[in-house]
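Trainee: Below is the sequence, then the predicted model.
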Amino acid sequence: MQVSDFEYHLPEELIAQHPADKRDASRLLVVHRKNDSVEDKHFYDIIDYLNPGDCLVMNNSKVIPARMFGVKKNTGAKIEFLLIKRKAGDIWETLVKPGKKLHPGDSVMFTGDCGGQLEAEVLGYGEDGTRMVQFHYDGDFLALLDEIGNIPLPPYIDRKSEEEDKDRYQTVYSKEEGSVAAPTAGLHFTKELLEKVKKKGVRIAYVTLHVGIGTFRPVKCDVVEEHQMHFEEYHIDEDNAQLINETKKNGGRIISVGTTSTRTLESAADENGFIKAGHGNTDIFIYPGYQFKVIDCLITNFHLPKSTLLMLISALYDREKMMKIYEDAVKKEYRFFSYGDAMFIE
């Protein structure tokens with residue numbers, strides 16, 4: 001299968017640079033797989049497509065302010081960090097710019113507006129040119145990071161992070177800190193909409209997958225099957241695993257909110273599609289031909305051309321039909337990517 005099979009033309013002006021005025025006011029494209037039809041709705045209409053006994057599965061990972069701007073100790077050179085993953089204690093794998101200026105033994109100082117300080121010591125090299133760094137500080141690391149760091153907006157959002165991003169690039173149910181990118185399908189839910197969902201008899205389960213930098217990395221090979229996914233850490237506790245499994249046993253639908261929830265569920269499932277609670281690391285790569293074990297439906301955003309996420313949703317539906325839907329969405333001027341509109345594949 002060729003990566004070029006997942007290419008489509010997207011005018012730059014359709015890449016959402018800011019969120020919608022209200023979370024649930026985004027547009028919603030409903031895809032009915034049974035009869036190959038689509039409907040144009042708004043996200044608050046999602047309630048009409050959920051049934052009592054269904055289970056929404058959401059990724060409750062919280063985005064950390066992972067982008068940091070500091071100066072190299074001794075030289076004063078400006079350095080940008082993007083934290084990727086905590087390895088152990090205060091040691092993080094980090095993307096750095098400009099990379100040629102940082103070597104093992106170097107240190108970078110970060111100072112917040114309120115005087116908080118972090119010092120990062122470069123220990124060595126990681127994968128793909130990253131650096132392994134150890135932070136030194138007084139006090140609480142996450143509190144200092146909140147003061148010093150910035151929300152790491154995706155590279156296709158062509159602006160610096162603003163005050164609104166601290167709230168809007170975070171789901172209303174985010175809880176477990178650790179992601180460098182938001183599980184964006186969940187950004188459309190409001191607390192009020194979630195209450196309506198519960199009142200309708202739809203159950204809500206939470207899983208945790210910390211979204212890594214791999215979500216931004218392009219597929220560099222020409223053949224789909226040759227691509228290697230980066231590992232991401234996930235966790236499902238006993239209560240939520242039981243809730244999901246009970247839904248399946250009772251004949252309810254498992255509706256995954258986002259591709260990260262999907263990858264978590266499919267990684268944690270046994271051969272019969274039942275979820276095993278616990279921690280794990282997954283590099284699961286879902287593309288056409290994959291047989292889903294757990295999920296029945298998917299709420300998702302519109303994804304980048306030739307991306308692994310577009311391949312995942314094409315595995316849930318027919319690739320050619322999905323590419324046609326994307327072409328039509330462009331004509332209808334849907335908004336694309338993280339702050340864009342949503343799709344419900346039922």
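Mentor: Alright, I've got the coordinates.
Trainee: From here on, just use CA atoms for contacts and neighbour counts.
Mentor: Noted.
Trainee: So what would you say the end-to-end distance of stretch 219-232 is?
Mentor: In stretch 219-232, first residue to last residue: 17 Å (C-alpha to C-alpha, to the nearest Å).
Trainee: Now do that stretch: everything it contacts.
Mentor: 1-4, 209-212, 214, 281-285, 306-308 (C-alpha atoms under 8 Å, 6 or more residues apart in numbering).
Trainee: now do 7 Å
Mentor: With contacts defined as C-alpha atoms under 7 Å, 6 or more residues apart in numbering, stretch 219-232 is touched by 1-3, 209-212, 214, 281-285, 307.
Trainee: Kindly write the ChimeraX command that selects the buried subset of the residues you listed.
Mentor: To isolate the buried ones among the contacts of stretch 219-232 in ChimeraX, judged by 16 or more other C-alpha atoms under 10 Å, type:
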select :3,209,210,211,212,214,282,285,307
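Trainee: which one of the contacts of stretch 219-232 is nearest Phe110?
Mentor: Gly212 (22.3 Å; C-alpha to C-alpha).
Trainee: Quick check: pLDDT value at the closest one.
Mentor: Looking at Gly212, its pLDDT reads 82.
Trainee: Count the neighbours of Ile275 for me.
Mentor: Neighbourhood size, Ile275 [other C-alpha atoms under 10 Å]: 24.
Trainee: Can you tell me how far it is from Thr264?
Mentor: Distance from Ile275 to Thr264, counting by C-alpha to C-alpha: 10 Å.
Trainee: Next: Ile157.
Mentor: 26 Å.
Trainee: try Val197
Mentor: 22 Å.
Trainee: Check Val294 too.
Mentor: 10 Å.
Trainee: thinking again about what came up before, so which of the contacts of stretch 219-232 is the closest to Glu233?
Mentor: Using C-alpha to C-alpha, the contacts of stretch 219-232 come closest to Glu233 at Asn281, 4.5 Å.
Trainee: What is the burial count for Leu304?
Mentor: Quick note: Leu304 (other C-alpha under 10 Å) scores 20 neighbours.
Trainee: do the same with Ile325
Mentor: 16.
Trainee: That one sits in which helix or strand?
Mentor: Using DSSP states H and E, Ile325 sits in helix 319-331.
Trainee: Need phi/psi at the residue nearest the centre of the chain.
Mentor: Geometric centre of the chain, nearest residue: Pro183, 3.2 Å, by C-alpha atoms, centre = their mean. Main-chain dihedrals, Pro183, degrees, to the nearest 10: phi -80, psi 90.
Trainee: wouldn't it be in contact with Val257 here?
Mentor: No. Pro183 is not in contact with Val257 according to C-alpha atoms under 7 Å; the separation is 8.6 Å.
Trainee: circling back to that earlier point, Ile157 and Thr264: which has the busier surroundings?
Mentor: Higher neighbour count among Ile157 and Thr264: Thr264, with 26 against 15, using other C-alpha under 10 Å.
Trainee: And the more buried one, what's its pLDDT?
Mentor: 97.
Trainee: where does it fall, helix, sheet strand or coil?
Mentor: helix (DSSP: H, G, I helix; E, B strand; the rest coil).
Trainee: neighbouring contacts of the helix or strand containing Ala143?
Mentor: Assigned by DSSP H and E, Ala143 belongs to helix 141-148. With C-alpha under 7 Å, 6+ apart as the contact definition, helix 141-148 has outside contacts at 65, 68, 111-112, 116.
Trainee: Tell me the most packed of the residues you listed, by neighbour count.
Mentor: Going by other C-alpha under 10 Å, Pro65 tops these with 24 neighbours.
Trainee: The closest residue to Leu153 other than its chain neighbours and Gly149: what is the separation?
Mentor: Leaving aside its sequence neighbours, Leu153 sits nearest to Ser161 (C-alpha to C-alpha, 6 or more residues apart in numbering; 6.5 Å). Counting by C-alpha to C-alpha, the gap from Ser161 to Gly149 is 11 Å.
Trainee: So for those two, which residue has more residues nearby?
Mentor: Using other C-alpha under 10 Å, the more surrounded residue of Ser161 and Gly149 is Gly149, with 23 against 16.
Trainee: correct me, but that one touches Val63?
Mentor: No. Using C-alpha under 7 Å, Gly149 is not in contact with Val63, being 11.4 Å away.
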